[in-house]
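# Quick one: sequence and predicted model below, then my questions.
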Amino acid sequence: MPAVLPTLSPAELARYSRHILLGEIGVEGQRKLTAARVLVIGAGGLGSPAALYLAAAGVGTLGIADFDRVADHNLQRQLLHDTAAIGEAKVTSAARRLRATNPFIQIVEHSEGVTIANALTLFAAYDVIVDGTDNFSARYLNNDAAFFAQRPLVYGSVFKFEGQVSVFDSPHGGPCYRCLFPAPPAHGSVPGCGEAGVLGALCGVIGSLQALETIKLITGIGQPLIGRLLTYNALTQDFSSLTLARDHQCPLCGSAPSITQLAADSPAPTCEAVSTESPVSPMPNEDYLLEISVTAAKQMLDQSPCGVLLIDVREPYEVEIASVRGAAFIPMGQIPANVHTLPRDEHLLIMCHHGGRSLRVTQYLRAQGYPAVTNIAGGIDAWAEQIDPTLRRY
C-alpha cells in the first residue's frame, strides 16, 4: 500500500460510515481499504461472496482472475453471475456485478487466470491474494507463487457440507499450504464438487470468512488465521480451530527447500478431473490403455461398434440431464452387484461426469479380472464440449 493513504470523499465517508463507526477501523482503516489491492482467484463459489464483500467494503483495486465461462450449473452457488450471463466469461460477468456494487473502486479483469508464466508478476501487483479455486493443482500453484511473491494467501475450500479457511503467510513466519499438505493426493482419489456436490450456501459462509480475513490483514485489526486452520461443518453448525505449525521439512518454506522457483513442470491450474487431451500409457504388460480421451473413445465406438461397450456409471438423475446414445447405464454403486453380467469379450469404456468415478470403476473392474476396461477421461462433460455440443452440461 502507498505510504500516503488516499483521502475519502464525502460520498465515500457516507457509504462506509458503518465501518468508520467501528473504533477498530475508523477513517484510518477505511483509507487502508481504499488504498489496498486484492486479487481474487476464481469467480466461482468462493470468489463470489469474497469479491462481493470486498467490493462493498471499499477495497480500492480488486482483481478477478478466471479463465472460465458461466454455465447454468454454476448459478446454484456462484452469486456473481445470473442467468443472462450464461456463456459469458466469468471475469466479465463478475466485473459488471462488482462495478454495480461499488462505483468507487477499480475492477481489473484477468481473463487468462493464473498460470505459471504470469503468477509471480500478477501476485506482485497485489497486496493480498484470495484463493477461491476448487482444485489441488491450482492451490499448489497459488501457494508457491504467493510464497515467492511474499504475499499473504487467504485460503478457502469446500467439500459437500464442510469448509476450511486459513491464511498462509510464510514471509511473516506462518506456515504455507505445503506445510499442511506437502503433496497433492493421488490422482482421482478426491472427487471435485462436480462429482461429490457442494451445498451452495456453504460457499457463502467460507467465502465471506475469506473476505473477513482479508479485511483484517489490510486494516491490521484482530488476529488473522495465520498458523490456524478454521474448519466448519454446515450440518452441525460447528466451527473448530486447529493450530498449524510451520514444517521445517516443508519442501517450499522449510529450512532446506527443494522447491526454489516456479518451474515449467509445476502443477498447472487444471480441473481435478483427468485430462481430456491425451491418453495415458498402458500399464506394464497390458494391451489396453487405462484412460483415453473422448475423441479417441468416439473413434473407437464408430469403428468397432460390435466389440466396444460404453458403460455410463452416473446416477439416474444425471442421465436424465444428458446421455450418450447407445450407452449402458449402471450407477457406480451397483457395479459390484452387476460384475457377472458384464461381457468379457468386449472392450468396456467407462464414463461418468468428469472422469473421477469412472476411473475408480475402471480400476475396480481390472482388479476383478477384466483387463479390457478403459476410462474415458473428462467424462460426459468433455464429450459435450468436444463431441456433441447439443448435450446439456451441468
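Sure, I can see it.

# got a list of what residue 149 touches?
Contacts for residue 149 were tallied using Cβ atoms under 8 Å, 6 or more residues apart in numbering; they are 119, 120, 123, 124. Glycine gets a C-beta too; all of them are placed from N, C-alpha and C.

# So for it, what's the nearest residue that isn't a sequence neighbour?
residue 123 (3.8 Å; Cβ to Cβ, 6 or more residues apart in numbering).

# Surely that neighbour touches residue 146?
Yes. With contacts counted by Cβ atoms under 8 Å, residue 123 reaches residue 146, the gap being 5.9 Å.

# Can you check which residues contact both of those two?
Joint contacts of residue 123 and residue 146 (Cβ under 8 Å, 6+ apart) are residue 129.

# who's more crowded, the two?
More crowded of residue 123 and residue 146, by other Cβ atoms under 10 Å: residue 146, with 29 against 25.

# so which helix or strand takes in the more buried one?
Following DSSP states H and E, one finds residue 146 within helix 136-149.

# Please identify the next secondary structure element, helix or strand, after that helix.
strand 153-159.

# any idea how far the residue nearest to residue 149 is from residue 135?
To residue 135, residue 123 is 18 Å away according to Cβ to Cβ, to the nearest Å.

# now swap in residue 211 and tell me
Residue 211 sits 21 Å away from residue 135, going by Cβ to Cβ.

# ok, now residue 78?
16 Å.

# Of those two, which one has the most company?
More crowded of residue 78 and residue 135, by other Cβ under 10 Å: residue 78, with 27 against 20.

# Check whether that one really touches residue 43, as I assumed.
Yes. Using Cβ under 8 Å, residue 78 is in contact with residue 43, at 7.3 Å.

# Are there residues contacting both of the two? Which ones?
With contacts defined as Cβ under 8 Å, 6+ apart, the residues adjacent to both residue 78 and residue 43 are residue 90.

# which residues of the stretch 51-200 of the chain fall in strands?
61-65, 106-110, 128-131, 153-159, 162-168 (DSSP state E, counting those that start in this stretch).

# Show me what the longest helix belonging to the chain packs onto, helices and strands only.
The residue-count maximum for a helix in the chain (DSSP state H) belongs to helix 200-219. Helix 200-219 sits against helix 26-35, helix 47-57, strand 128-131, strand 153-159, strand 162-168, strand 228-233, with contacts defined as 3 or more Cβ pairs under 8 Å, 6 or more residues apart in numbering; DSSP states H and E.

# For it, list the C-alpha coordinates in CSV.
Provided in CSV are the C-alpha atoms of helix 200-219 (Å, rounded to 0.1, in the frame of the first residue of the first chain):
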residue,chain,number,x,y,z
GLY,A,200,-24.4,-23.6,-2.2
ALA,A,201,-24.9,-21.6,1.0
LEU,A,202,-21.7,-23.3,2.4
CYS,A,203,-19.7,-21.3,-0.2
GLY,A,204,-21.3,-18.1,1.1
VAL,A,205,-20.0,-18.9,4.6
ILE,A,206,-16.5,-19.8,3.6
GLY,A,207,-16.1,-17.0,1.0
SER,A,208,-17.4,-14.5,3.5
LEU,A,209,-14.8,-15.7,6.0
GLN,A,210,-12.1,-15.2,3.4
ALA,A,211,-13.3,-11.6,2.8
LEU,A,212,-13.2,-11.1,6.6
GLU,A,213,-9.6,-12.4,6.9
THR,A,214,-8.6,-10.2,4.0
ILE,A,215,-10.1,-7.1,5.7
LYS,A,216,-8.3,-8.0,8.9
LEU,A,217,-5.0,-8.3,7.1
ILE,A,218,-5.4,-4.9,5.4
THR,A,219,-6.6,-2.9,8.4
